[in-house]
Structure formats: structure tokens, C-alpha cells
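Peer 1: my questions concern the predicted model and sequence given below.
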Amino acid sequence: MRQTAFALAIALVLGVSSALAQGFESDVDTIQVVSANVGGKNVFIPSTIVVTSGKPVTLSIFNTTDVPHGFSIPGIHVEAVLPAQQEFEVKLPALEGGHIYRINCQLHPAHRTAELVVLPAKK
């Protein structure tokens with residue numbers, strides 16, 4: 001039952017990111033992200049985080065694992081340590097549209113790669 005709920009939550013998060021990537025602008029100020037071990041691989045879900053330019057956004061990241069992991073976006077000098085089994089907020093500044101930033105775990109470089117896509121705001 002827990003795996004089914006987790007799978008549904010992942011599908012919802014991925015669906016929201018997919019809708020944003022297709023050109024929808026969001027008024028959401030907080031985006032939910034999960035740091036998890038899925039099938040033996042350490043990942044961020046969603047693996048592509050989409051935001052709109054010109055406004056700050058908070059990433060609410062829940063680390064489902066039993067050990068701390070990192071969350072780093074070197075291109076905008078964001079770096080945090082995500083405590084095990086806890087939620088942690090990372091505040092992103094308003095960013096310029098048209099950029100893609102790499103996200104990784106600075107504590108375990110082979111783990112948890114993702115992207116932050118900044119779409120231009122609709123005019």
C-alpha cells in the first residue's frame with residue numbers, strides 16, 4: 001500500500017513538471033521534491049524541476065533515506081545538506097529565463113542528478 005501511494009505521489013509530481021514544461025505558467029511558490037532510493041539508485045524526483053523566470057521559488061525537499069544527502073546547484077551557488085528522513089527547504093532567487101542548471105548531491109557526486117529549467121515568463 002505504501003509503495004502504491006509513493007508511486008502515485010511521484011506520478012503527480014512528474015505530471016505537474018510535465019505540464020509546466022509544456023508552457024503553462026505556475027503561480028506556485030513552493031515545489032515539492034523527493035530525494036529517494038528507487039530500485040537501488042539514488043535520485044531526485046522529479047528529475048527535471050521547471051520554474052518560471054522572474055520570481056523566487058522555494059523547493060521543499062524530503063529526503064526519504066536513512067542518511068544525509070546533498071543538494072547543490074553550482075550554477076547559482078546553492079548548496080544544502082538534506083537531513084535523513086526530514087523535509088528541508090531551499091530558497092531559489094528569481095532567475096533569468098532560458099537557462100538549464102545541473103543539480104547534484106555534493107556529498108555523493110555519483111548520486112542524485114537532476115536539472116533546473118527556467119522558462120521565460122509569459123508576456
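Peer 2: Arrived safely, thanks for sending.
Peer 1: after the lowest-mean-pLDDT helix or strand in the chain comes which helix or strand?
Peer 2: Ranked by mean pLDDT, DSSP states H and E, the weakest helix or strand in the chain is helix 2-21, scoring a mean of 45. Counting by DSSP states H and E, the element after helix 2-21 in chain order, helix or strand, is strand 30-38.
Peer 1: who does that following strand pair with, and is each partner parallel or antiparallel?
Peer 2: Its sheet considered, strand 30-38 pairs with strand 41-45 (antiparallel), strand 57-63 (parallel) by DSSP bridges.
Peer 1: next, format these as JSON lines and append mean neighbour count and mean pLDDT.
Peer 2: Backbone N, C-alpha and C define where each C-beta goes, glycine included. Shown next, in JSON lines, are the strands paired with strand 30-38 (neighbours: other Cβ atoms under 10 Å; pLDDT from 0 to 100):
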{"stretch": "strand 41-45", "mean neighbour count": "18", "mean pLDDT": "88"}
{"stretch": "strand 57-63", "mean neighbour count": "18", "mean pLDDT": "96"}
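Peer 1: turn these into TSV, including distance to residue 94.
Peer 2: Output for those, formatted as TSV (distance: least, Cβ to Cβ, whole Å):
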stretch	distance to residue 94
strand 41-45	22
strand 57-63	8
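Peer 1: do you know which of the ones you listed lies nearest residue 118?
Peer 2: Nearest of the strands paired with strand 30-38 to residue 118, taken as Cβ to Cβ: strand 57-63 at 9.6 Å.
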